[in-house]
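Novice: Got a predicted structure here, sequence first:
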Amino acid sequence: MKETPGARPPARKPALWLLVAMTGIGPFTMQILIPALPRVAADLRVPYAVAQLTLTLYLVGVALGQLLYGPLADRFGRRPVLLWSLILYLTASALAALSPSIAWLEVGRVAQAMGACSGMVLGRAIIRDVWPREEAASRIAYVVMAMTLAPMVAPMAGALIEERFGWRATMIACLLFGAPLLIAVWRRLPETLREPQPLPGLRGMGLAYMSLLRMPAFRWIGAVGAASTGVFFAFMAGAPQVVEQLGYAPRVFATAFLGISVSFALGSLLAARLSTRMGMVRMLSAGLWLIILGAAAMLAVQLLLPHSLAGFFLPMMLVALGNGISLPNAVAAAISVRPERAGTASGLLGAVQMGFGALMTVVNATLESGSGVATASVMAFCGVLANIALWGARRRL
């Protein structure tokens, strides 16, 4: 690519640990409150379904934030946008900790999500700024693999903190995570955007998104990413209720979830090692078939065998393995459709993923009775959709 006036010189590569922390703050913040949802409902005197809306609205906040951060980061740079978003995150975490009602908690969680999601959007864009497409898929996979430390730690941390100090302390834990990250980004993150893109207001942002949506390759791969993400969020919406129905405490949910995180990390490791050699399409196909097999196995177990914790969580480990393989390649494919708009593409893809994920949490909350059948059915439906979308994407990648 030829240099244009005002373009920055090639950026130095950022530290991997910083990219991991930036990306991990979103899932950490989302999941730390999930084991405490029954206690939130009791403390704020609302039904469980209303407390579960804090997860749905968190995903909505992530979707809205990602729509904004992509174009803003393409115009003003990755670093300043990330700094301001982390300030929003810290403010929202304090609001959530002090919430006097479920309404205030929901407002705090939306704002918290909008601040936290910047790391997911900009981490992907930064990787694409400094690494070529196939290598970017590998690097994203390494970041995603390491990032699984967040969902490994967050549910257990949330359960232990809630047991000892109450659910509000989980939001204070978010402050303790976010403040050092803000300092680290300010001191250690280089600016990687080489060529700022124009941002002519909201209309321009809408046109930038429409230009991507008009590209069949982006539409199909965006559908793959959305449907495969929907599998995970359908599980997250139903799992606490299923575990509670089985008579287990929140700490048991957090412990069982560790196996899912390990499986996801293993899938991401496979994606990191094999994506360059095997290609994105083959890796996507392998991951999506594992998702379907895992969801089908979960549904069969819930319908044919006595309900048990193992029967619910073990098939999900296979799903998580498939997600770990497929998601990094879906992200790399989407942000490579137009590399000069990597931030915008990353934001739009993330918004579509979170929006569809939020929809699946609502669907599952409506259908799930605690037996796990509805959760497995919604997961299988999403897996089939993802495979259909990959069929459409094959000819365009």
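Specialist: Everything's here; your move.

Novice: Show me the helices in the stretch 101-250 of the chain, by range?
Specialist: In the stretch 101-250 of the chain, the helices defined using DSSP state H, counting those that start in this stretch lie at 102-116, 118-130, 133-147, 149-165, 168-188, 201-213, 216-245, 250-278.

Novice: Please list all residues in contact with residue 387.
Specialist: Contacts here follow CB atoms under 8 Å, 6 or more residues apart in numbering; on that basis residue 387 touches 288-289, 292. Heads up, the C-betas are built off the backbone N, CA and C, glycines and all.

Novice: which among the residues you listed gets closest to residue 299?
Specialist: Comparing these against residue 299 with CB to CB picks out residue 292 as the nearest, at 10.6 Å.

Novice: got the contact list for the closest one?
Specialist: For residue 292, the contact set (CB under 8 Å, 6+ apart) comprises 322, 380, 383-384, 387.

Novice: if we go to 7 Å?
Specialist: 380, 383-384, 387 (CB atoms under 7 Å, 6 or more residues apart in numbering).

Novice: of these, closest to residue 276?
Specialist: Of all the contacts of residue 292, residue 387 has the smallest distance to residue 276: 23.3 Å, by CB to CB.

Novice: give me the number of residues near residue 271?
Specialist: Here the number of neighbours of residue 271 (other CB atoms under 10 Å) works out to 30.

Novice: correct me, but it touches residue 330?
Specialist: No - the pair formed by residue 271 and residue 330 falls short of the contact definition of CB atoms under 7 Å, at 10.1 Å.

Novice: My guess is residue 209 contacts residue 347. True?
Specialist: No - with contact taken as CB under 7 Å, residue 209 and residue 347 are classed as non-touching, separated by 8.5 Å.

Novice: neighbour-wise, which of the two wins?
Specialist: For residue 209 against residue 347, the residue with the higher neighbour count under other CB under 10 Å is residue 347, and the figures read 34 against 19.

Novice: For residue 77, see how far away the more buried one is.
Specialist: According to CB to CB, to the nearest Å, residue 347 stands 14 Å off from residue 77.

Novice: Pick out whichever of the contacts of residue 387 sits closest to residue 116.
Specialist: When those are compared for distance to residue 116 (CB to CB), residue 288 wins out at 27.3 Å.

Novice: so the closest one is in which element?
Specialist: Taking DSSP states H and E as the definition, one finds residue 288 inside helix 280-304.

Novice: residues of that helix that come out buried?
Specialist: 280-281, 283-299, 301-302 (16 or more other CB atoms under 10 Å).

Novice: where are the low-confidence patches of the stretch 101-250 of the chain?
Specialist: 132-138, 141-142, 144-149, 151, 197-202 (pLDDT under 70).

Novice: Find the nearest non-adjacent residue to residue 64, please.
Specialist: Nearest-residue entry for residue 64: residue 114, 6.1 Å, with adjacent residues in sequence omitted and distances by CB to CB, 6 or more residues apart in numbering.

Novice: contacting residues for that neighbour?
Specialist: Counting by CB under 7 Å, 6+ apart, residue 114 makes contact with 61, 64-65, 88.

Novice: biggest separation within those residues, which pair?
Specialist: Comparing all pairs in the contacts of residue 114 by CB to CB, the longest separation belongs to 64 and 88, at 12.1 Å.

Novice: Run the chain-centre distance for stretch 97-111.
Specialist: Remark: stretch 97-111 is offset 21 Å from the chain centroid, using CA atoms, centre = their mean, to the nearest Å.

Novice: One more: stretch 161-181?
Specialist: Between the mean C-alpha position of stretch 161-181 and that of its chain there is a distance of 20 Å (CA atoms, centre = their mean).

Novice: Can I get that stretch in PDB, CA atoms only?
Specialist: Provided in PDB are the C-alpha atoms of stretch 161-181 (Å, rounded to 0.1, in the frame of the first residue of the first chain):
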ATOM      1  CA  ILE A 161     -17.100 -12.900  46.300                       C
ATOM      2  CA  GLU A 162     -20.900 -13.200  46.400                       C
ATOM      3  CA  GLU A 163     -20.800 -15.800  49.200                       C
ATOM      4  CA  ARG A 164     -18.500 -13.700  51.400                       C
ATOM      5  CA  PHE A 165     -19.300 -10.100  50.600                       C
ATOM      6  CA  GLY A 166     -22.500 -10.000  48.500                       C
ATOM      7  CA  TRP A 167     -23.100  -9.400  44.800                       C
ATOM      8  CA  ARG A 168     -22.300  -5.700  45.000                       C
ATOM      9  CA  ALA A 169     -18.700  -6.600  45.700                       C
ATOM     10  CA  THR A 170     -18.400  -8.300  42.300                       C
ATOM     11  CA  MET A 171     -18.800  -4.800  40.700                       C
ATOM     12  CA  ILE A 172     -16.100  -3.500  43.000                       C
ATOM     13  CA  ALA A 173     -13.900  -6.300  41.700                       C
ATOM     14  CA  CYS A 174     -14.500  -4.900  38.200                       C
ATOM     15  CA  LEU A 175     -13.100  -1.600  39.400                       C
ATOM     16  CA  LEU A 176     -10.000  -3.400  40.700                       C
ATOM     17  CA  PHE A 177      -9.500  -5.000  37.300                       C
ATOM     18  CA  GLY A 178     -10.200  -1.900  35.200                       C
ATOM     19  CA  ALA A 179      -8.100   0.700  37.000                       C
ATOM     20  CA  PRO A 180      -4.700  -1.000  36.400                       C
ATOM     21  CA  LEU A 181      -5.700  -1.800  32.800                       C
END
